[in-house]
Each structure stands twice: as C-alpha cells, then as structure tokens.
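Colleague: Could you work out the structure for the sequence below:
(one chain, ligands or ions: 1)
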Amino acid sequence: MKKPVSRILVINDEKLVLKELIKGLNAAAKSLENPLGISFIGVTTAHESLQAIEADGDIQAVVVDDTLYTLKNAEKGSRSLQMTALELVQKINRFRPELNIYILIAQEQEDEVVDALFSETVDGYFYREERDYRGMYRILNAQLQEKARTPFYDQLKNYVLMAKDAWHTPGHSSGDSLRDSPWTNDFYEFFGEHIFRADLSVSVPMLDSLMEPTGVIAEAQKIAAKAFGARRTFFATNGTSTANKVIFQTLLAPGEKLLLDRNCHKSVHHGVVLSGAHPIYLDSSVNKKFSVYGPVPKQTLLNAIEKHPDARVLILTNCTYDGLRYDLSPIIQAAHAKGIKVIIDEAWYGFARFHPAFRPTALEAGADYATQSTHKVLSAFSQSSMIHVNDPDFNEHLFRENFNMHTSTSPQYSMIASLDVARKQAMLEGYKLLSRTLELAKEVRMQINSTGVFRVLELPDLLPDEVKHDNIQLDPTKVTVDISRCGYTVEELIQELFERYNIQVEKSTFNTLTLLFTIGTTRSKVSRLYDALMRIAREGRAPRRLYQSPQIPYFTDLKYLPRDAFYCGGELMPLLDEQEQENTHLTGRVCADQITPYPPGIPVLVPGQTITQDVIHYLVCMLRSQKRVEVHGIVYDGYLPCLRLLTLPEEKGLKKLVK
Ligand SMILES: Cc1ncc(COP(=O)(O)O)c(C=O)c1O
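Modeller: Numbering: from 1, shown residues only. The predicted structure is shown next:
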C-alpha cells in the first residue's frame, strides 16, 4: 500500500535560522511516530513560498515567520519588508484554503501579531525563540491527523472488525443469508464480504444516526464543513435530487415566490410542486449552433430580482452540465440586497474548493446554500451528496424536519463513509489531483484538435450570444467536442466508441460529445481516447448530414401554482388529432404535469403552464425525431401520446396567479 507523503513548508528570511529550524523539525519527525510521512522544507522569501505552494501538491501546512524581510544592502545591513504575515496568510488562504497555517512569532510582539491575524484562518502560533522542535512537530502532526481522520468510516471499520452477532436489520445479516446459498452466493462473492458486513443500521448506536447526528456522523460533517468553507454541512444519501427538495421545503412556504432558471435540474421543479412555491421561471441562454443551454443572462436575473423583491429564494445551477460558470458574486449581492436567499446547485462542481482554477465556489461568492453531488465529481459512492449552509438565518429545526421527511430511516452506511473519505481526499490531495486533471484535460484538448476532424469547443464557441458579456467562465474539466466533420452521426459515434474502443462518454447533443474529466481520469484512459478518435478521424469519412432538434420554445405563461395544477385529477388529450396532425385543441389549455424531453432535460411544460401552438409543435417534433428522445411526463393512452390537462371545471376552482 502506498504511504502518504506530507511536506510542511517553513518560511523564514534568515538563512541560518531557517536551516536550524528545518534540521530540528526533520530530526523530530524522524525520531517520533510519523504515519503521515511528514518532512519539512524551507524557503526564505514569500515569493518562493507561493511558488512552492503552487508547484508542490504534497505541501499540507505552512509555518510562516511573522515578518519577512529582504536584505536591501548587505554591507549596511539594511532590510526592507517583503510582506507581512497577514498578507502572506491571506494569499495562501486564497490559493489553497485547505492548508494549515502556523505563525512563528517573537514573544515581545505577540499581541500585535495575534491581533492582526485574529480573523484570518491561522491555526496557531509558535514562539521562535523556544526552539521546541519536538513540540512543534507534535502539534503539526496532530493537525494533519485531524484532517486525515474519517470519524464515521473509522468507526464503521472498527465495528465490522469487532464482529458482533447481528440480531437486527438488514435481513441479509452481514451477508450470512447469501454466502452459503447455491442460488445467491455469486452476488456475495461479486460484491465482497465487506459490502455486506458494513451494511448496518441505526440499531447500532456507536455508528450515530443520520437523522439526529450527535456522534461520528456529526463529527464527520463538522470536518466537512471546515473543508468546504461552510458554517454547517449535512450528508445526504439520496443525491442532490433530494438535497434540493429539502432546502426548498425549508425555505419556501406555499405561495412564496422563487426565482429559478428554467434549465434547473428536474429535482428543482419537483421541489416547486412539493413546497407549493410560486415559481418565476427565467429562460436560459441557448447556443443554437451546438444546442447547448447555458446560464440565464445576467440582465434577466438582475431584472427579475428588481421586479420581484418579494421573492424568498433564487436558485441557479453552477456550473452548468456543459461547464459554464456564472460570475456569481454580483448576482448574489443583488439578491441579498433585496433579502432574497440564494441556493446554488453545484451538483457538477463539488471539487471546486480545492483548486484555485475553479474558484470562487458558490459559498465563497456569498451563496446561502450549496448542494453538491460529491459522487459525480469526487470519490463518493453514487447518491452521496452534501448540503452546505452559510445562511446567517439558518433555521436548523425546520431544516432537520424537512431533511428527515426525505431521508430513508435506513440510509446506506457505505455512502456516508464514502462522503467522509471523499472529503479527506479532497482536503489532502485534492489540489494535487485536480492539477493533474487540469493537465490531462489540456493535453486532451490538443490531442483531439490534432486529429484535424474533431475539435474541442472553447469558451467562445460554447457561449450563447445573450451571455457574451456576462463574464462567464468555462470549467475545463468538461470537454465538449464538435463531431460534425467525422462522418458519423452522434449516435453512431457513441456506439462505435463503446463497441469498438470500450469508451462510454458522458453526454451528447446532435453534433457534440461531452467528456467528463475527474480526479479519477488516468493517463492511460486519455491515450485510449486519443487513439480511438485518431483512428476514427483517419477513416476519412465524408461528413454526414446531422439533424438538429428544434429549440425549446420560450416559457409561456404560468396560470396556476404548479402544486395546485399537479394535484388536479385532470383529463387526457392526445398530442395528435385524427389526421395525425398537431392537435390544435390543446392550445390555451393548462398542463397538469411536467413535460421534459431528455436530453436536454429542460421542462417544456410545468404543471399550471399554458400550452401554446409552439409547445405542441416542439413536442410533436420530439416524438417524431429520428434520435431517440425520452419525453418524460407524456401519458400513453394505448399508442396515443397524450398530455394530462386541467379540466375546465378544475380551472374554475383554482386561484389564478397574479402576474
Ligand atoms: C444540475 C443538477 N442538479 C442536481 C442533479 C441531481 O443530482 P443527484 O444525481 O446527485 O441526485 C443533477 C443530476 O444530474 C444535476 O445535473
């Protein structure tokens, strides 16, 4: 098993003092217990220290001298101040907030230095003159051990090793029901004994309770909050789909207004129905050339905030599935100025805190809540997500009630353990792994472009016109490739990559493929991808005609609250009339369901929305499309695709929404 390597950087401007410090600290590290592989390195300038922190992903902590000078004139012995400890701490913290920072101070300056650094993220102080290297080492080692701790996972492992007899759920009883069965033992063998032994339940008190954590889950969440820069963090074992609904129900009472991107994930739209909120849908920008739906234009957002100061909440997705990132701070500031809470769905961006190339995160930009699918982009099991809270008005009791309303009373413990471990990894090697991921993504971009047939789309290609001046950035780990010149349709290409080259991609549009780079992307996967695309390019096929699906019509009119509409019994009406033409009787009627073609996954109708001719035309095109498109929400009456509508008497009984 590979052993960890941890370097601690000491910054002191006096060469001899520095040499002595490094020697003393390394001697202490050698003579004392050192499970994290700690060693000390030194630099004499602030500039070098920042370079080292950038280049060396194994640096886990820094010890900064409180004042760093450079010699101006060696003969006269005059010196100038390079940087105060405060400035340096701020720089380090902006670059890598996960690093522990200690300050070396002189006893006589103690008050001054501690006062200046009081509000900064400093973990502690050492007196320079004490030269207690073993004491310093012990403290630094203990700090790193704290970050490396995984309270829930450790306890789960301990419990499994204790080999208690199970007289409780789950029914497989540590796998004993499966292991010796001739019918099912292959299932046991395939997954391995620990999956079953660690599949435990709330009957084991030493493993705490996800619904009322006070022990190891509470501890794990507390460390996660620190790592992600949140006041509070909660682990969710039903994905970000549930995390979004929990926050909606916490913040929104029936009828309260909510501003939301229409392109938000369907869980957000389900949250609207569950909470009974009054949604104000904002149309996303669209890049027509590549059928990519982007952020909501900044001006649309600012106008909506201005027009609906009575809104309780604004929710946006950052980054989008295609990696487009808002300039969040000014939007959040405008929302906060009207007292609107901001939720950012960071399902695709849970790693961002751990590399400056991706920051600011939603919380750093001032968001009140961020939901993250840790499982999508870090090393957690599927469905394992985190909810981060920075809302100064957080109502923990209400949150807990809603969390428990949505959480299974039998959560999967390996998922909770995986969140604990994913946090540890992100904190201790996230920077290093993300640096490698960025490098690989950069390399792939060049390789793909060098095929002469495939081309990676960069920010200017992807940006819809409406958001060209909104300071949008691109997350380079989402690599979207224009495939229009390769001679395959996108479906054929996906199949070719899958069957001939064993490659499964993340998603596609009619003329693009998107590849997702994560901390698990390896160099050999990259070379296999390059090899496959190069071989396909060399086939030299003539470009195919690619059929683009029509663009989603702009949002029409919301006549009733989605929840009121959804809970009507309704009636079915076919999308096509007897002549197989678009059914014009649907026009002007109100839909009772959410109708979402997938892809792109944006609801074309939500409950309570008025149906127009454009909407009918779009849905019929989708159903007739050569490309297989799922249209969620369509009801089949025999072979007839239908919409569920509010009956006219039902409409009469409902309160119309005031515009
Ligand atoms: C923007 C967005 N939010 C939320 C979700 C739901 O996340 P989860 O799969 O963790 O439930 C997804 C899933 O694709 C998503 O794309």
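Colleague: Can you tell me how far P97 is from H269?
Modeller: P97 sits 34 Å away from H269, going by CB to CB, to the nearest Å. Just so you know, the C-beta spots here come from the backbone N, C-alpha and C atoms, and that holds for glycine as well.
Colleague: got it, and R149?
Modeller: 39 Å.
Colleague: what does Q221 give?
Modeller: Applying CB to CB, the value for Q221 to H269 is 28 Å.
Colleague: And P356, by the same measure?
Modeller: For P356, the distance to H269 - CB to CB - is 34 Å.
Colleague: cool, T317 as well?
Modeller: T317 sits 12 Å away from H269, going by CB to CB.
Colleague: Kindly report the same for P205.
Modeller: 39 Å.
Colleague: Can you list the buried residues in stretch 467-478?
Modeller: Going by neighbour count (16 or more other CB atoms under 10 Å), the buried part of stretch 467-478 is 467, 470, 472, 474-478.
Colleague: Tell me where the longest helix sits in the chain.
Modeller: Identified as the longest helix of the chain according to DSSP state H is helix 413-450.
Colleague: before we move on, back to that, same list (the buried residues of stretch 467-478) but as JSON lines, adding pLDDT.
Modeller: JSON lines is the format used below for these (pLDDT from 0 to 100):
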{"residue": "V467", "pLDDT": "97"}
{"residue": "D470", "pLDDT": "98"}
{"residue": "I472", "pLDDT": "97"}
{"residue": "L474", "pLDDT": "97"}
{"residue": "D475", "pLDDT": "97"}
{"residue": "P476", "pLDDT": "97"}
{"residue": "T477", "pLDDT": "97"}
{"residue": "K478", "pLDDT": "96"}
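Colleague: Within reach of the ligand, which of those are there?
Modeller: Checked against the ligand using CB under 6 Å from any ligand atom, these yield no neighbours at all.
Colleague: what about S267, which helix or strand?
Modeller: helix 266-275 (DSSP states H and E).
Colleague: what mean pLDDT would you report for that helix?
Modeller: Mean per-residue pLDDT for helix 266-275: 94.
Colleague: More neighbours: P205 and H269, which one.
Modeller: Shown here are P205 and H269; by other CB atoms under 10 Å, H269 has more neighbours (22 against 8).
Colleague: List the residues that contact G323.
Modeller: By CB atoms under 8 Å, 6 or more residues apart in numbering, the contact list for G323 reads 348, 462, 474-478, 480.
Colleague: Try it again at 6 Å.
Modeller: Shown in contact with G323 (CB atoms under 6 Å, 6 or more residues apart in numbering): 474-475, 478.
Colleague: Can you tell me the closest non-neighbouring residue to it?
Modeller: Nearest residue to G323 in three dimensions, chain neighbours excluded: K478, at 3.1 Å (CB to CB, 6 or more residues apart in numbering).
Colleague: Against D593, how distant is that neighbour?
Modeller: Taking CB to CB, one finds K478 at 31 Å from D593.
Colleague: try D123
Modeller: Taking CB to CB, one finds D123 at 53 Å from D593.
Colleague: Got the confidence number for N73?
Modeller: 51.
Colleague: Mind splitting this protein into its structural domains?
Modeller: Domain ranges of the chain: 6-148, 206-427, 431-538, 562-653, per automatic domain parsing.
Colleague: residues contacting the residue of the stretch 1-150 of the chain at minimum distance from the ligand?
Modeller: For the stretch 1-150 of the chain and the ligand, the shortest gap (CB to the nearest ligand atom) falls at T150, measuring 21.0 Å. Contacts for T150 (CB under 6 Å, 6+ apart) come out as 420-421, 424.
Colleague: out of those residues, which touch the ligand?
Modeller: By CB under 6 Å from any ligand atom, no member of the contacts of T150 lies near the ligand.
Colleague: Show me which residues of this structure are close to the ligand?
Modeller: 239-241, 265, 267, 317, 321, 345, 347, 373, 385.
Colleague: can we see that at 5 Å?
Modeller: 239-241, 265, 317, 345, 347, 373, 385 (CB under 5 Å from any ligand atom).
Colleague: In helices only, show me the residues you listed.
Modeller: Of those, the ones assigned to helices by DSSP H are 239-241.
Colleague: If you rank those by neighbours, which is first?
Modeller: Neighbour-wise, these (other CB under 10 Å) top out at T240, 28 neighbours.
Colleague: And the strands in the stretch 551-659 of the chain, which stretches?
Modeller: Using DSSP state E, counting those that start in this stretch, the strands of the stretch 551-659 of the chain run over 571-574, 596-598, 630-632, 635-637, 640-645.
Colleague: worst average pLDDT in those?
Modeller: strand 596-598 (a mean of 85).
Colleague: what residues does that one touch?
Modeller: 603, 622, 629-632.
Colleague: Next: stretch 271-291.
Modeller: 244-245, 248-249, 252, 254-263, 293-294, 296-297, 300, 304, 308, 464, 466-467, 509-510, 512, 554-555, 561-563, 566.
Colleague: can you tell me which of the residues you listed are in strands?
Modeller: 257-261, 293, 512 (DSSP state E).
Colleague: Adding neighbour count, write these out as TSV.
Modeller: Output for the ones in strands among the contacts of stretch 271-291, formatted as TSV (neighbours: other CB atoms under 10 Å):
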residue	neighbour count
K257	17
L258	25
L259	24
L260	26
D261	25
Y293	25
T512	24
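Colleague: residues near T610, how many?
Modeller: 16.
Colleague: for R400, same thing?
Modeller: 16.
Colleague: how far out from the middle of the chain is whichever helix or strand it is part of?
Modeller: R400 is part of helix 396-406, with elements assigned from DSSP H and E. Distance of helix 396-406 from the chain centroid (CA atoms, centre = their mean, to the nearest Å) equals 22 Å.
Colleague: what residues does that helix touch?
Modeller: So helix 396-406 is contacted by 211, 242, 245-246, 249-250 (CB under 6 Å, 6+ apart).
Colleague: Ok, stretch 462-475 next?
Modeller: Stretch 462-475 is contacted from outside by 285-287, 292, 294-295, 297-298, 319, 323-325, 327, 459, using CB under 6 Å, 6+ apart.
Colleague: sorry, back to before: could you identify the most distant pair in the ones in strands among the contacts of stretch 271-291?
Modeller: Farthest-apart pair in the ones in strands among the contacts of stretch 271-291 is K257 and T512; separation 35.6 Å (CB to CB).
Colleague: Skipping adjacent residues, who's closest to the one residue in the stretch 401-550 of the chain that gets nearest to the ligand in space?
Modeller: Nearest residue of the stretch 401-550 of the chain to the ligand: K507, at 9.8 Å (CB to the nearest ligand atom). For K507, ignoring the flanking residues on the chain, the nearest one in space by CB to CB, 6+ apart is T514 at 4.8 Å.
Colleague: what helix or strand is that neighbour on?
Modeller: strand 512-516.
Colleague: Show me what that strand is packed up against.
Modeller: strand 478-482 (3 or more CB pairs under 6 Å, 6 or more residues apart in numbering; DSSP states H and E).
Colleague: Now do the strand it packs on: which elements does it pack against?
Modeller: Using 3+ CB pairs under 6 Å, 6+ apart: strand 478-482 touches strand 455-456, strand 512-516.
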